[in-house]
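**Q** The sequence and its predicted three-dimensional model are supplied below.
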Amino acid sequence: MQRYRARMATTTRSARETFRVPQGGVDLSAIDPGATPIGPQGKGKAAKAMTELGARLDARQEALYAAAVGGTSPRAVLLVLQGMDTSGKGGVISHVAGLVNPQGLHIASFKRPTPEELAHDFLWRIRKQVPHAGMIGVFDRSHYEDVLVVRVDGLVGEPEWRSRYERINAFEAEFDEQGVAIVKCMLHISPQTQAERLAARLDDPQKHWKYNPGDLDARAKWTDYQAAYADALAHCDTHAAPWYVVPSDRKWYRNWAVAALLAETLDAIDPQYPPADFDVEAEKARVRAAV
Ligand code: AMP
Ligand code: MG
């Protein structure tokens, strides 16, 4: 909480500066999941800001795609979404990814690995889903599950999961070399918010499909999960692949914050439309002659 409060006065801070995990140790209990440190301070203002961000994201995504097709700048973006059940990974996909042209999106969800996936290295199934140039990829869960649920449930021994932090860093450094900008977001909710959202899922028959009795098992291990998240964020926050902690108790703020992080990442790439590889004036003359 202190971290956000200290920054309240400087409302011009970027989302990337504001939400980046603190350097030198991550204490998630010190970050308020209900905080709104920058940006819109209410639902109405957030809706307006989202309209503007949507236009910016859509335009940037189109240029990213054009630059890749034109061969001028083969870049891509990968948004990694992690968070406890009900933290809003699906909500971010519909409200943020939904702002851009679906043709430019590549969405991958990672569930419990299949026997085939388990027979390979943990990064095998992830590599296949890295977005191609011109695309915005979204991971609904990711290779981080292999240091989260896998650690908490003891699915592999400690030496194995510990060794994965370095392997993840090496893997993500590879994408950076390939021109894939990674934006990793932990959707940070309080246990109270999760309880309310799970109860809401049970109260509404149209939400029963989202409820999984196993979610309560993960909830019972809340402290272990927070410790596993803190370590993953601390070990795998790199210049090339930064981690952001997104306060997610308020859905409208969470969506705005992720959209802002994505927009700033695309602004930094600044994708440019490629020049025509044909004689524009000659083609205009041909079109005129054809009518
Ligand atoms: P959901 O995202 O709610 O559809 O749930 C997907 C489930 O798959 C969660 O319970 C995750 O913990 C689980 N899961 C995802 N990746 C892994 C993994 N690498 N190992 C074990 N469980 C996983
Ligand atoms: Mg679930």
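**A** Arrived safely. Ligands and ions are numbered 1, 2, ... in the order given.
**Q** and the residue of the chain found nearest ligand 1, helix, strand or coil?
**A** Taking C-beta to the nearest ligand atom as the measure, the point where the chain comes nearest ligand 1 is E145, at 3.3 Å. For every residue, glycine as well, the C-beta is placed using N, CA and C. For E145, the secondary structure call by DSSP: H, G, I helix; E, B strand; the rest coil comes out as helix.
**Q** Paired strands for the host helix or strand of K184, with orientation please.
**A** According to DSSP states H and E, K184 maps onto strand 180-188. For strand 180-188, the paired strands and their directions (DSSP bridges) read strand 76-83 (parallel), strand 243-247 (parallel).
**Q** Quick check: mean pLDDT of that strand?
**A** Computed over strand 180-188, the mean pLDDT rounds to 98.
**Q** after it, next one along is what?
**A** Next along the chain after strand 180-188, taking DSSP H and E as the criterion, comes helix 191-203.
**Q** Please name every helix or strand in contact with that next one.
**A** In terms of contact count using 3 or more C-beta pairs under 8 Å, 6 or more residues apart in numbering; DSSP states H and E, helix 191-203 is assigned the packing partners helix 214-220.
**Q** Show me the contact partners of the helix it packs on.
**A** Counting by C-beta atoms under 8 Å, 6 or more residues apart in numbering, helix 214-220 makes contact with M84, D85, T86, V149, V152, P191, Q194, A195, L198, Y225, all of which sit outside it.
**Q** Next, the contact list for the nearest residue to the last one once chain neighbours are set aside, please.
**A** Put plainly, it is Y225. The shortest distance from Y225 to any residue other than its chain neighbours is 5.7 Å, reached at V152 (C-beta to C-beta, 6 or more residues apart in numbering). With C-beta under 8 Å, 6+ apart as the criterion, the residues that contact V152 are A218, K221, D224, Y225, A228.
**Q** I'd like to know which of these are buried.
**A** When neighbours are counted using 16 or more other C-beta atoms under 10 Å, those contain these buried positions: A218, Y225, A228.
**Q** In the helix or strand containing A263, which residues are buried?
**A** Assigned by DSSP H and E, A263 belongs to helix 251-269. Taking 16+ other C-beta under 10 Å as the basis for neighbour counts, the residues of helix 251-269 that come out buried are 251-263, 265-266, 269.
**Q** swap in stretch 116-126?
**A** Judged by neighbour count using 16+ other C-beta under 10 Å, the buried positions of stretch 116-126 are E117, F122, R125, I126.
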